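K.L.:
3D, please:
(chains A and B)
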Amino acid sequence: MKLIKKYKSIFFAILGLTILLTSCNKDDVKEVTAADEVVGLQKVDTLIKGNYTFYIYKKDTGNLVVGYNEVYIQLKNNVTGKYVEDATLSWKPLMHMTMMSHACPYSTISKVADTKTLYKGYFIFIMASDDMEYWEVTYDYTSGKDTLAEVTNRPTVVQSTGKIRYKSFKGVDNTSYFLALVEPTTPKVGTNDITAYLYKKVDMLTFNPVQNYTVEIDPRMPDMENHTSPSNVNLTYDSTTGLYKGKLNLTMTGYWKINLIVRDASNTIQKGDSITSTTTASSIYFELDF
Amino acid sequence: MNFLAIAQNKADSIKSRELKEVVVTGKTGLDSINESKPLSSIDEHLQKLSNVNLIKRGGYAWEPTINNMATERISVTIDGMKIFCACTDRMDPVTSYVEILNLDNIHVGSGLAGNLHSSNSIGGGLDLKLQKAGFHAQKLNVTLNSAYETNGNYRIIGSGLAYSSLKFYTNAGVFYRKSDDYKAGGNSTVDFSQFEKLNLFTNFGYRLSAQKSIQGTVIYDVASNVGYPALTMDVKSAKGLITSLSYRQENISEVFFSWETKLYFNNIIHIMDDTKRPNVAMHMDMPGKSRTGGYYSTLNGRVGKHNFVISHDSYYNQSSAEMTMYPKDAANKPMFMYTWPDIRTFNAGLTLDDRYIIDLKNTLQVTTKASFQRDGVESTFGYNTLQMYYPDMTQYQNRGLWSVSGKYTHYLQDIQLKAGVGYGTRAPSPTEAYGFYLYNSFDNYEYIGDPQLKNESSVEGNIAFGLTKPTYSISLDGSYFYFSNYIVGKPNTSLSTMTIGASGVKVYQNLNHATIFNANLNTKYIFLKYFHWLNHLGYSLGQDNKNNPLPLIAPFSYSTSLDYVNKKFSADVDLQGATKQVNYSAEYGEDLTPAYFIVNTSVGYDFIFGHVAPTVKIGIENVLDRKYSTYADWNNIPRKGRNVYINLKINL
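P.N.:
Below is the predicted model:
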C-alpha cells in the first residue's frame, strides 16, 4: 500500500512538473483582468449614470430573494474605460408600499479581498416586491464630500421557492427580529460551518445587528423520525464579522430541518421551541436539502 | 484437540461429531456411503461438528461460530485464502460462496492454534479445503448429482468432473440449488425463506517437473432472490468470484520438504432488496462490496524431531457499503450515507509453528504469529462522517498483533491427554471500527463503530482426555477463554436513532473483561459389527465483566444417533435437542428459548447397474414435525418442519 502511494506521488509529481513546464513556456505570469474577477458571478443589473456604470452581480442565477442576498459590484469609468479600484461606495434599500415606506437589514459595501475591482455587501430583504409595492436601491459613489455618481433601480425581489433560509419573528420582548442563514450554501455530510445574521427593527428605516445573543440549533430529519446528529455547536456572536457562528453536523444527505431557539444576552428565549417526542419542530427553523 | 482424529477412518466421516479438528470427507470429495445426506449444504454439514454452531437468519447462508464466537472472532479461509463478506448485516458469510461439491474437507481449528493462515482470530478457524484430483495415474471420473426435498420444494442438481494424470489434473463442476419458502413444524410457511444458488468451480494443476507444479482455482458463485425471514430485507444477488494461482515445490532438501506460494484475488458484490416486503416504511438501496487480494508463502520442513512450518502472508481488503433511503415525500432528495466508508485493511504476518516429537509418548507444539495491520477509511465522505463522532481520529492507523500458543500431548496406550495454553490479540473488525448506523434486528439497536478501540486479547486454556478401544471411545474436552478489552456494543443514549422504530444506538467499546467456557463429551460404541452408537453432550457459558450472559451462547445440548452400515446399505436414526436457554442475554435481544428435541432418520443404498453405480439416500428430517427454534435462530424464526429428501449420485 505504501509502495502504491509512493508510486502515486511520483506519478503526480511528474505530471505536475510537466504541466508547470509547458504552461511556463507559453506565457509568463498572467495579468488578472476585471473580467477575470467576476468569473462565476451572474450579472443582475447594469446601471449607467453620467460617466460611470455600476455592474451588479450575485453568485446564483435568478432574482434577488426575501432573506440573505450577497451582492457584488464593479464600477467602470466610462471615460477612461477603466474600473475604479479605490471607490467609496454606499447603498440604501427602501421598500415603497402603498401606505408607507421601510428599509431592511443591509451591510456597508467593502472591497473583496485579493481583488482590484470587486466590491461586495449584502441585503436581507424582508418582503417581496410586486407591481404596486417595490424595492428601490440607491447606489452612491462618493469621493470626500462629492457625490460622483448616484443611481437608483428597482430590483425584483421574490419569495424564495427553495428551502427556508430566512425567518422574521417577534420576540417575547415585542421586538421584530430578522434571522438569515448565510452558510452552508453547499452543505456536506460531516461537520459544516454554520453562520447567520441576526437583526432587529429599531424603526421603519433602522435595522440594527443584534449582539451577544445565542442561536441554538437542533438539526433533524423529519423523514427519519426526527433523527439528529451529535456534537452540534450553537451559534454565538462574532464581533469582528458581525456574524453568528457555529458548527452543524449532518450524518447523511437529504432533507434536514435546523430547528432554532434564539436566546438573548440574559439567556431568555426570545423565540423557538425545544424538540421533544411531542414537539417535533420549533416555531422557527431553517431547511437544507442536498 | 483432536486425538480421535488420529484414529480416524472412513467411518468417521463428516457425519461424526467426534472429529473436532479435522474433518475428512473422503479422498474424492464426499464419502457418499457414510453420508446420510451427501448433497446437504455446507451449513448443514458444519452444524454436525462439535464446537461449531450456525446462526440462522433464514433458509440460506448461515453464519458459522466456533466455540460460540462468530465472524469477528474467527477466521474462515478457502484453501488458505482470505475472503471477507460484503454484507454489513452478515447475510453472506464466507461459507455461502462455495458449494459442498467444491470441497474435499473442512478443517476446523479450535482456539488460538486454529489455523496457520488465519489473521485476527481468537475463537478458531475454518479452512475450506477444495477438491483436487491430484497427479495420479490417468483417470476420468464424472458424477451426476441430484436431490429433491419435499419441504420447500427444494431442487438440487449438479455435475462434477475429475481428471487426473501424472502431468495434469483438473476438477470442474456446476451446481444449482433452488428452494421455495420452507415450512416450519405444523405446516406453517415461513415467508421469505426462498433462495436460489448457482456455483461454477474449477481447479487445475500442471506439473512442471517431478517436484514442481502450478495450481489454480476459479470459483464463481451467484445466489439470487434469497429471503431472510428473520431480517427486514432480502437479497437480490450475492456474487462471488474467487481466484488463485499457486506454485508448489516438493522435496526441496533434507530439511525442507514442501514450499507453496499462492497469489489470490476475490471479489464479492452483495445487493440487498426490500422491494418484495409489504409495509416497508422507507425503501432503501444497500449494496456492499468486498475485494481482497493477497498471497502467502508456506515452507514445511523437518530438523530431527522438529516438524516446522514457516509462513508469511499478507492481504489487502476493501470493504465498502452504502445506503440510499428514499423518503416518502418525493420532493425531498434521497438520503445517502456510507455504512462501511470504503474501509481498507492491509495485514502482513509471519507465522512460525513447531511440532516437537519428544518421544513416542510426548509431543509439544508451539505456534506464534506476529502481524502488522494498517486500516482506515479511504472515503473522505466517510471520514468526515466519523469525525463528527471522533473529532481527533486519524484517517488511517497502524496496529501490531501477536499470538502464541502451545500444546502438549501425552499418549499412554489407549489414552491421550492434551493440554494447551495461548495468548492472542485481534484488531477490531471493519464493523467494530468504522461501521456507521448498522441496524441489528436482533436487539433493535443501531451500531456505530469506534476507530479508537483497543485490540481485543484473549488468554486461552484447553484440556482434553481421550480413550480409544476397538469397540468404544470416549472423549472429554474443555476450553476457557479470558478476554481483555472484549469488544461489544453498548447503548449511548446521547445518540439519535435513524431506523424507524429502533430502540437506540449502541457504540462498540472495550469491556474490561469477558469469559467463554466450552465443554464437550463424545462417546462412540460399536456393537454387532455394523452398529455405531454415537452420543454428544455440549455445554457453554459466556459472561461479560458484570457476570451477565453474553449473547448467542449455546445452552446445554445433546444428540444421540444409531447408525447401521453394512457395505452398500446404511441406515440411521438420530435425536438432537437442547435444554431451555437459561443464560440468555436480554440486553442483546435474546429471550428464553424453550427446550426442544427432534428426530431424524435416513436409509441409503448403492446400486450397481452395468458400469454406472448410483447411490440413493432417502431420509426424513424432523420426523415428528416439531415446530421449534434454537438459541441461534435470529429473532426466533422457526426451523424446518418435517422434510423428506432423496439424494441421488451417479458415477459415469
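K.L.:
The helix or strand encompassing residue B:284 - which strands sit beside it in the sheet, and in what orientation?
P.N.:
In this assignment (DSSP states H and E), residue B:284 forms part of strand B:283-285. Strand B:283-285 sits in its sheet next to strand B:306-326 (antiparallel), going by DSSP bridges.
K.L.:
And the partner strand, what's buried?
P.N.:
The neighbour-count check on strand B:306-326 (16 or more other CB atoms under 10 Å in any protein chain shown) flags B:307-311, B:313-326 as buried. To be clear about C-beta, it is placed using only N, CA and C from the backbone, and glycine gets the same treatment.
K.L.:
Would you mind getting the angle between the following helix or strand past the strand holding residue B:284 and strand B:306-326?
P.N.:
Sequence-wise, the next helix or strand downstream of strand B:283-285 (DSSP H and E) is strand B:287-303. Taking axes from the mean of the first three to the mean of the last three CA atoms, to 10 degrees, one finds strand B:287-303 and strand B:306-326 inclined to each other by 180 degrees.
K.L.:
List the contacts of residue B:193.
P.N.:
With contacts taken as CB atoms under 8 Å, 6 or more residues apart in numbering or on different chains, residue B:193 has the following neighbours: B:58, B:59, B:152, B:179, B:181, B:182, B:227, B:229.
K.L.:
just for chain B, where's the confidence low?
P.N.:
Counting by pLDDT under 70, chain B shows low-confidence ranges at B:1-34, B:114.
K.L.:
number of nearby residues for residue B:556?
P.N.:
17 (other CB atoms under 10 Å in any protein chain shown).
K.L.:
Oh, that last question was meant for residue B:218, not what I typed.
P.N.:
Residue B:218, neighbours per other CB under 10 Å, totals 15.
K.L.:
Bridging across strands, which residues link to it?
P.N.:
Beta-bridge pairing of residue B:218 under DSSP bridges involves residue B:202, residue B:243.
K.L.:
Would you mind measuring from it to residue B:266?
P.N.:
Here residue B:218 is placed at a distance of 10 Å from residue B:266 (CB to CB, to the nearest Å).
K.L.:
Quick check: neighbours shared by the two?
P.N.:
Taking CB under 8 Å, 6+ apart as the contact rule, residue B:218 and residue B:266 both touch B:241, B:242, B:243.
K.L.:
and the helix or strand that contains residue B:142, which strands flank it?
P.N.:
Using DSSP H and E, residue B:142 sits in strand B:139-149. Taking DSSP bridges as the criterion, strand B:139-149 pairs within the sheet with strand B:154-164 (antiparallel), strand B:643-651 (antiparallel).
K.L.:
For residue A:264, what are phi and psi?
P.N.:
Here is the backbone geometry of residue A:264 (degrees, to the nearest 10): phi -80, psi -180.
K.L.:
Oh, that last question was meant for residue B:186, not what I typed.
P.N.:
phi 80, psi 20.
K.L.:
Run a quick check on it versus residue B:625, I expect a contact.
P.N.:
Yes - if you go by CB atoms under 8 Å, residue B:186 and residue B:625 touch, sitting 6.7 Å apart.
K.L.:
ok, those two, which is more surrounded?
P.N.:
Neighbours of residue B:186 and residue B:625, each counted by other CB under 10 Å, are more numerous for residue B:625; the result is 18 against 11.
K.L.:
Do the host helix or strand of residue A:245 and chain B come into contact?
P.N.:
Using DSSP H and E, residue A:245 sits in strand A:243-250. Yes - using CB under 8 Å from any CB of the partner chain, strand A:243-250 reaches chain B at residue A:249.
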